[in-house]
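[1] predicted model, plus sequence, below.
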Amino acid sequence: MAVLAIIERVRRETAIREGISDIPDAVTHMSAMWLLPFYFLLGFSEAMNGVGLNEFFYTELPKSMSSVASNLYSIGLSAASLVASFIVGNVRGFISEANQESWVSSNINKGHYDYYYWLLSSLGVANFIYYLACSKAYGPCKGGQKGITGDVREGLIDDDDDDDVV
């Protein structure tokens, strides 16, 4: 989101410089390629997030709950959408109480979407710090084999028999 905040600041400054800040439907002379770094990072992070979460859920939950594990990622996305709506509503409310132009305005050239993206970036940093704390406190589930995924664990043979004499 920090990349998007920087791009939005450049876009807004370009609109003001071109004198089209009062025209909400006006188009600035910027290429859409400015958004390429953001969408590259977004796609990469979503791919890594989805694969990592599915692997975590399948290794930590019992086999009988595999259908639940496959839906936990979607439930997390749904909760994130609700939180995002809550954040937008509160940002509009707090800024309008201060008698300022809303960060999330109907006129994109008057609003400060860059501030909103910086807010989301700071929430992302706080979330990462929380993740580090949880990751440090988390231990493998009891009975699990450290470093072995669920598919490999199922294929292992129990070698606890002492009957094998060479």
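    The structure has been received and is ready for your questions.
[2] can you tell me the helix or strand for residue 73?
    Element membership for residue 73, per DSSP states H and E: helix 66-97.
[3] now that helix: buried residues?
    For helix 66-97, the neighbour count (16 or more other Cβ atoms under 10 Å) marks 69, 73, 91, 95 as buried. Glycine gets a C-beta too; all of them are placed from N, C-alpha and C.
[4] of those, which pair is most distant in space?
    Using Cβ to Cβ, the two most remote members of these are 69 and 95, lying 40.3 Å apart.
[5] and residue 107, which of the three is it?
    Look at residue 107: counting by DSSP: H, G, I helix; E, B strand; the rest coil, its state is coil.
[6] use 41 as the first number from now on
    Taking 41 as the first residue, the last one we looked at is residue 147.
[7] not counting its neighbours along the chain, what's nearest it?
    Distances taken as Cβ to Cβ, 6 or more residues apart in numbering put residue 64 closest to residue 147, at 4.1 Å, once the chain neighbours are dropped.
[8] how about residue 156?
    Residue 156 sits nearest to residue 143 (Cβ to Cβ, 6+ apart), 4.6 Å away.
[9] OK, contacts around the one you found?
    Residue 143 sits next to 131-132, 135, 151-153, 155-156 when contact means Cβ atoms under 8 Å, 6 or more residues apart in numbering.
[10] tell me the secondary structure at it.
    coil.
[11] quick check: it vs residue 48, distance?
    As defined by Cβ to Cβ, to the nearest Å, residue 143 lies at a distance of 11 Å from residue 48.
[12] list residues touching both of these two?
    Common neighbours of residue 143 and residue 48 (Cβ under 8 Å, 6+ apart) are residue 153.
[13] before I go, just wanted to say thanks for your time.
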